[in-house]
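Novice: Please find the sequence and the predicted model below.
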Amino acid sequence: MAKKQFKAESKRLLGLMIDSIYTHKEIFLRELISNASDAIDKLCYQSLTEGNVGLDRSDFFIRVAVDENGRTITVSDNGIGMTSEELDENLGVIARSGSLGFKEAMDKEKAADSEIDVIGQFGVGFYSAFMIAEKVTVTTKKYGTDQAYVWESTGADGYSITAGEKESFGTEIVLTVKPDSEEEKYSDFLQEWRLRELIKKYSDYVRYPIKMGEDTVNSMVPIWQRSKSEASEEDCIKFYKEKFYAMEDPLKVIRVNVEGSVSYRALLFVPASAPYNYYSRDYEAGLQLYASGVLIMDKCKDLLPECFRFVQGVVDSPDLSLNISRELLQHDRQLKIIAANLEKKVKNELKKLMTEDAEHYAEFYKAFGLQLKYGLLNNYGEKRELLEDLLMFYSSKEEKAIALSDYVAAMPEEQKYIYYACGDTVARLSKLPQAEPIREKGWSILYLTDEVDEFVMNMLGSYQEKELKNVISSDLGLGEEGDKEKLEEQEKANEAMLTFIKEKLEGAVSSVKLSATLKSAPACLGTQGEITLEMEKYFASIPGSGEKIKAERVLELNPGHPVFESLIRAYTGDPEKAAKYAKLLYYEALLYAGVTIPDPAEFANLISDLMV
Ligand code: ADP
C-alpha cells in the first residue's frame, strides 16, 4: 500500500521535534497519556449526553506497558477511538487540532455544566512520540464501530493506514524505541522505573488511573481539587512540606477556586521565612502550572508579580492548553487573567493577616518586607496600589511597626503631614534634633531604618492624600511659618557671621542658616536638593557608584540656644575661637546625623583646646 505524505508544514515540524534536545524528549509520555485521557473524556461525555454507552467512569483507565527486549513502549486507553477517516485527519497533519474542533462543538452545545474538559489545543502532542521512537503504530477502534484500523509511520517519510484487528474500542499506541546513539541513551525510557517516574512527575493528577502491571501509578485527585472538608489545613501543610521541601509550616495557606470565563484552582503558600538564597540570583520563583492535572510548567513566573515571588504553590486550570512552548504561554490570555486574580487574592490575604494576626504578619514582614519595598520601587511604582497598604514602619509613639493607614487614622486634625526620619537605628533617630519639635507636639514619627526606606517614601510621596515629610525638611508645618519674618531678620543681622562660618568650614557645607524649629540641640545638619545624607550613605555602600553622589549639606544653627550667644561673642571678640566653635558645631551636627567625622583627631584636639 502506498504511503501517504504528511503535509509540507508538518514535515518541517516533525523534523524540529525529532531533533529536540534530550530534556524535552521525556514529555512524549505526558503527551500520549494526555491524549488518552482526552479520548476517555470524549467517551464519558458521549455517555453523559447520549446515555447509551453503558459505561461507568470507573471502567476507564490508561495502561502503560514496556518490553525492554522488544524495545517497545505501549500506551493504551479505552477511550473513544478513531475511525480510519479520523486517523487520517488527526494524525496526518501536525498542528491541526481535533480537540479544538471538539471543544468548539461542545461550546456550541453550551454544555457548560458538564464535567468534561479537553486539553491540548495545539496539536503537537502526538508527534512528540517521534522524539524517542523510530516507528509508531496506532491501533484504534472507534466506539460503536466494528472495524479497527492501524496507522503506522517511521517519521517524516509518511504514514500508512490499514484495516486491522482490535478486540475492544479504544486506542493502543506502540512506540518502537530508537537505538541508542552516542548522544542519546534512548534505552533509559525502556526502564519501568523511569516510566513510573515520568508518570508521577507529569501525569500524577490525570483523573483516570494510569496502570503499569497491577499498580495504579498516579494519585489522580490532587489536593487542590479537593474541597475544604476533604482536605484539611493540616493536609495542605503536609503537602507543602513534601512538595517544596520546606522545614517549617507556611505562614499562610491560600486556597482559590474560581469558576467563570476562566476556571482554575490554586493552592498557595506564604513561607514562614525567606530561603537562604531568596535575595540572590539563585532563587527561582514561580508556581507549578497544571492543565487538568497535567504538569505543564514547574516554575511559571508569569503567574505572580515580581513583588510576590516568595509565594509558592500550584495552579491548575482546565482552560489552559497543554502546550510545550513557554513563549506562547507568556502571552496566553487565560494565564494573564489568572495572574491578575492571584495578585489580588494574595494581597487581600496578606492584608487580612496584617489586621487579624499582627504577630504572624510581623514574622512575614521580617522575612519579605524588603521584597515588598523593592517591589514598590520597581518600574516607577507600577505596583504602588498593590503594595502601599502592606508596608509597616516603626512608629515613635506606638514603639512598634504600624501600617501607614494606622498612622493616618491616629493623626490629630491639626497635623498636616506624615513625618518620617531615616537613619540606621531607632535609638539614634529618637535623638535626632530635627525630630524633637514634632515629638514635642505629641505627634508620631516613623523611624525608618532600612536603606531603601527613604527611596520608598520618595516614591510614595503621599499616602491617603497626606504628604510624607522627612523631618529634615525646612517646612515641617509646625507653625514655624509664623516665625519666618523674625528668622529672616535674625539671619540678616548675623549674615557676616554665617558667611564667616561657611568659609571656615572650607567647603564642607553649601550654606549655613538659622533654624526656627530646633529645640534643645544647638545645631543640626540638613541638606538641600534631592540627595539626603541617608541616600549619600546608601550610594556610598554600593561599589562603583561610591564617592560621586554627595548630599549638599546645610548647617542649621539654633538661634534660641545659649551656644548661639557664645558664637556671636566669639565672632566679635576672638574670630579664631569662633572658627573653632564653627568646626565643633559642624562635627556635633555630623554626630547627630550619624555621619562619620572625617577627621576625628582634629575633633579631639578642638575639645581638648576648649577644656584648657
Ligand atoms: P492534540 O491532542 O493537541 O489535538 P495531537 O497531535 O496530540 O494533538 O493529537 C491529534 C488528534 O489525534 C487529537 O486531537 C485526537 O483527536 C486524536 N488522538 C490522539 N490520540 C488519541 C487517542 N489516544 N484516542 C483517540 N484520539 C486520539
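Specialist: On my side now, so go ahead. Residues are numbered from 1 along each chain as shown.
Novice: contacts, neighbours, all on C-alpha from now
Specialist: Fine.
Novice: State the mean pLDDT of stretch 58-65.
Specialist: Averaged across stretch 58-65, pLDDT comes to 94.
Novice: gap between the two ends of it?
Specialist: 20 Å (Cα to Cα, to the nearest Å).
Novice: Could you check it and say which residues are buried?
Specialist: For stretch 58-65, burial by neighbour count (16 or more other Cα atoms under 10 Å) applies to Phe60, Phe61, Ile62, Arg63, Val64, Ala65.
Novice: Can you tell me what sits against it?
Specialist: 33, 36-37, 40, 73-79, 208-213 (Cα atoms under 8 Å, 6 or more residues apart in numbering).
Novice: Now, of those, which are buried?
Specialist: 33, 36-37, 40, 73-79, 208-212.
Novice: and which of those is nearest to Leu353?
Specialist: Minimum distance to Leu353 across those is 38.4 Å, recorded for Tyr208 (Cα to Cα).
Novice: for that closest one, helix, strand, or coil?
Specialist: Secondary structure state of Tyr208, per DSSP: H, G, I helix; E, B strand; the rest coil, is coil.
Novice: just checking: which of the contacts of stretch 58-65 also lie near the ligand?
Specialist: Ala36 (Cα under 6 Å from any ligand atom).
Novice: So which of the contacts of stretch 58-65 are in strands?
Specialist: Members of the contacts of stretch 58-65 lying in strands (criterion: DSSP state E): Ile73, Thr74, Val75, Ser76, Asp77, Ile210, Lys211, Met212.
Novice: What mean pLDDT does stretch 529-546 get?
Specialist: For stretch 529-546, the per-residue pLDDT averages 81.
Novice: What of stretch 391-401?
Specialist: For stretch 391-401, the per-residue pLDDT averages 96.
Novice: now do stretch 206-219
Specialist: 94.
Novice: Could you give the separation of that stretch from the chain centroid?
Specialist: The chain centroid and the centroid of stretch 206-219 are separated by 34 Å under Cα atoms, centre = their mean, to the nearest Å.
Novice: Can you pull out the residues in contact with it?
Specialist: In contact with stretch 206-219 (Cα under 8 Å, 6+ apart) are residues 34, 37, 60-65, 196, 199-200, 203-205, 220-221, 292-294.
Novice: Could you rerun that using 7 Å?
Specialist: For stretch 206-219, contacts defined as Cα atoms under 7 Å, 6 or more residues apart in numbering pick out 37, 60-65, 196, 199-200, 203-205, 220-221, 293-294.
Novice: Just want the residue of the stretch 501-612 of the chain that's nearest the ligand.
Specialist: Residue nearest to the ligand within the stretch 501-612 of the chain (Cα to the nearest ligand atom): Ile542, separated by 51.1 Å.
Novice: Can you give me every residue that contacts that residue?
Specialist: Contacts of Ile542 (Cα under 7 Å, 6+ apart): none.
Novice: next one: Val509
Specialist: Lys502, Glu552, Arg553, Val554, Leu555.
Novice: Okay, and which of the residues you listed map to helices?
Specialist: Lys502 (DSSP state H).
Novice: In what element of secondary structure is the one residue in the stretch 151-300 of the chain that gets nearest to the ligand found?
Specialist: Closest residue of the stretch 151-300 of the chain to the ligand, Cα to the nearest ligand atom: Thr171 (5.1 Å). Element membership for Thr171, per DSSP states H and E: strand 170-177.
Novice: And Val408, by the same measure?
Specialist: Using DSSP H and E, Val408 falls in helix 404-409.
Novice: Which positions in that helix come out as buried?
Specialist: Leu404, Tyr407, Val408.
Novice: got it, and stretch 220-236?
Specialist: Met220, Ile223, Trp224, Gln225, Cys236.
Novice: Out of those residues, list just those in helices.
Specialist: Those of those lying in helices (DSSP H): Cys236.
Novice: how about the buried residues of stretch 220-236 in CSV, adding distance to the ligand?
Specialist: Below are the buried residues of stretch 220-236 laid out as CSV (distance: Cα to the nearest ligand atom, whole Å):
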residue, distance to the ligand
Met220, 18
Ile223, 26
Trp224, 25
Gln225, 23
Cys236, 32
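Novice: And the buried residues of stretch 220-236, which is closest to Ser280?
Specialist: The closest of those, once distances to Ser280 are taken by Cα to Cα, is Cys236, at 28.1 Å.
Novice: Quick check, pLDDT for that closest one.
Specialist: At Cys236, the pLDDT recorded in the model is 95.
Novice: for the one 5 residues further on, same thing?
Specialist: The pLDDT attached to Lys241 in the predicted structure is 89.
Novice: ok, it - contacts?
Specialist: Lys241 neighbours (Cα under 7 Å, 6+ apart): Met247.
Novice: May I ask which helix or strand encompasses it?
Specialist: Per DSSP H and E: helix 233-243 holds Lys241.
Novice: how about the CA coordinates for that helix, as PDB?
Specialist: Extracted C-alpha coordinates of helix 233-243, given in PDB (Å, rounded to 0.1, in the frame of the first residue of the first chain):
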ATOM      1  CA  GLU A 233      -5.500  22.800  56.500                       C
ATOM      2  CA  GLU A 234      -3.100  20.200  58.000                       C
ATOM      3  CA  ASP A 235      -3.300  18.100  54.800                       C
ATOM      4  CA  CYS A 236      -2.300  21.200  52.800                       C
ATOM      5  CA  ILE A 237       0.600  22.000  55.100                       C
ATOM      6  CA  LYS A 238       1.800  18.400  54.800                       C
ATOM      7  CA  PHE A 239       1.600  18.700  51.100                       C
ATOM      8  CA  TYR A 240       3.500  21.900  51.200                       C
ATOM      9  CA  LYS A 241       6.300  20.500  53.200                       C
ATOM     10  CA  GLU A 242       6.700  17.400  50.900                       C
ATOM     11  CA  LYS A 243       6.300  19.200  47.700                       C
END
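Novice: which residues sit against the strand holding Thr171?
Specialist: 71-81, 132-143, 186.
Novice: Quick one: residues contacting Thr355.
Specialist: Per Cα under 7 Å, 6+ apart, neighbours of Thr355: none.
Novice: now with 10 Å?
Specialist: Tyr361, Ala403 (Cα atoms under 10 Å, 6 or more residues apart in numbering).
Novice: any chance you could read off phi and psi for it?
Specialist: phi -80, psi -30 (degrees, to the nearest 10).
Novice: now it: how far from Glu349?
Specialist: Taking Cα to Cα, one finds Thr355 at 10 Å from Glu349.
Novice: do the same with Val612
Specialist: 65 Å.
Novice: now swap in Tyr463 and tell me
Specialist: 21 Å.
Novice: Would you mind naming what in the stretch 351-500 of the chain lies close to the ligand?
Specialist: Counting by Cα under 6 Å from any ligand atom, the stretch 351-500 of the chain has no residue next to the ligand.
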